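*Asks:* Please find the sequence and the predicted model below.
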Amino acid sequence: KMSDKVYDALSGSGIDLGGGVGSVSSAVAKSESVDNIICLEITENCVTKCHPIVIPEILKDKHTKVKSVIGDFDNLNIDNRSLDFAIAWDSMHHSNDVVRTLSEVNRVLKDNGCLVIIDRGHNNSTADTEIERMLNVEYSKEFLAENYLPEDKILTRRDNGEHEYKYDQWHDFFKSSNFEVKKSLIVKEKHKMNLTSTNDANIEETFVEFELGAFERKKLIYVLKKCKK
């Protein structure tokens, strides 16, 4: 099962890449097999204002298992081959150079280290014009207000650091950064937009009864293993 592959990968000491408010790091740290995890986030307010509230609320007296760090996932101030695992939940598509980011992650992982990516992807048949259309979508006034931005600001998804990658592009990124795919899965919400479409990369798909929300109501999951040189 995919869940077994993920849980097996998240063991020992690890890092959450682009950890946001700290909820994913805290959930991972609940596992008895996880000794500690670095929650790396580039947004200072997330680390200084949210982490002190979110992490203790989730982990209680085990909150010290999570170490909060303000930082950039392209420049990890971590020794070579020092971590057992890494996880990136909806953060890797924000990288401006995915191969560079993944190569840096590869550097800090032990020789048998694993990387779990939860993100999104598009069919290889998706037209480049459609990719451009998605990136040029402008955020609504409601979104801007909810994120404390001026409502008259013109902000596109591209401006907000979004990227849209096809499945073959993800696999090229992995190969170029010395990772191999051990397991892949697309998790889809039972929603009308997902019931008739399938992927063209032969990735296994499964449906869930609960709401996934966000982009296309589905998640792309990869469990990657560091290749032996």
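*Replies:* Yep, that arrived.

*Asks:* Can I take it that residue 186 is in a helix?
*Replies:* No - judged by DSSP: H, G, I helix; E, B strand; the rest coil, residue 186 forms no part of a helix; its state is strand.

*Asks:* so what's the residue nearest in space to the middle of the chain up against?
*Replies:* In the chain, the centroid-proximal residue (Cα atoms, centre = their mean) is residue 89; its distance is 2.4 Å. Counting by Cβ atoms under 8 Å, 6 or more residues apart in numbering, residue 89 touches 16, 18, 24, 118, 119. All C-beta atoms are positioned from the backbone trio N, CA, C, and that covers glycine.

*Asks:* is it in a bridge, and if so with what?
*Replies:* residue 118 (DSSP bridges).

*Asks:* any idea where the helices of the chain begin and end?
*Replies:* For the chain, the helices defined by DSSP state H occupy 2-9, 23-29, 44-45, 51-59, 98-108, 128-135, 141-146, 167-176.

*Asks:* Verify the stated contact: residue 108 with residue 81.
*Replies:* Yes - counting by Cβ atoms under 8 Å, residue 108 touches residue 81, with 7.2 Å between them.

*Asks:* Compare the two and say which is more crowded by neighbours.
*Replies:* The residue with more neighbours, out of residue 108 and residue 81, is residue 108; 19 against 14, by other Cβ atoms under 10 Å.

*Asks:* I'd like to know how many residues surround the nearest residue to residue 138 once chain neighbours are set aside.
*Replies:* Distances taken as Cβ to Cβ, 6 or more residues apart in numbering place residue 156 nearest to residue 138, at 5.4 Å, with adjacent residues excluded. Residue crowding around residue 156 was assessed by other Cβ under 10 Å; the count is 13.

*Asks:* just checking, residue 156 touches residue 139?
*Replies:* Yes - applying Cβ under 8 Å as the test, residue 156 and residue 139 come out as touching, 7.5 Å apart.

*Asks:* Out of the helices of the chain, which one sits most buried?
*Replies:* Each of these was assessed for mean neighbour count using mean count of other Cβ atoms under 10 Å. The highest is helix 23-29, with a mean of 23.

*Asks:* Quick one: residues in contact with that one.
*Replies:* By Cβ under 8 Å, 6+ apart, helix 23-29 touches 10, 14, 16, 19, 34, 36-39, 54-55, 58-59, 62-63, 65-66, 87, 89.

*Asks:* Report the backbone C-alpha coordinates of that helix in CSV.
*Replies:* Coordinates of the C-alpha atoms in helix 23-29 are reproduced here as CSV (Å, rounded to 0.1, in the frame of the first residue of the first chain):
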residue,chain,number,x,y,z
SER,A,23,1.4,21.4,10.7
VAL,A,24,2.9,18.7,8.4
SER,A,25,6.1,18.6,10.5
SER,A,26,4.1,18.1,13.6
ALA,A,27,2.0,15.4,12.1
VAL,A,28,5.1,13.5,10.9
ALA,A,29,6.7,14.0,14.3
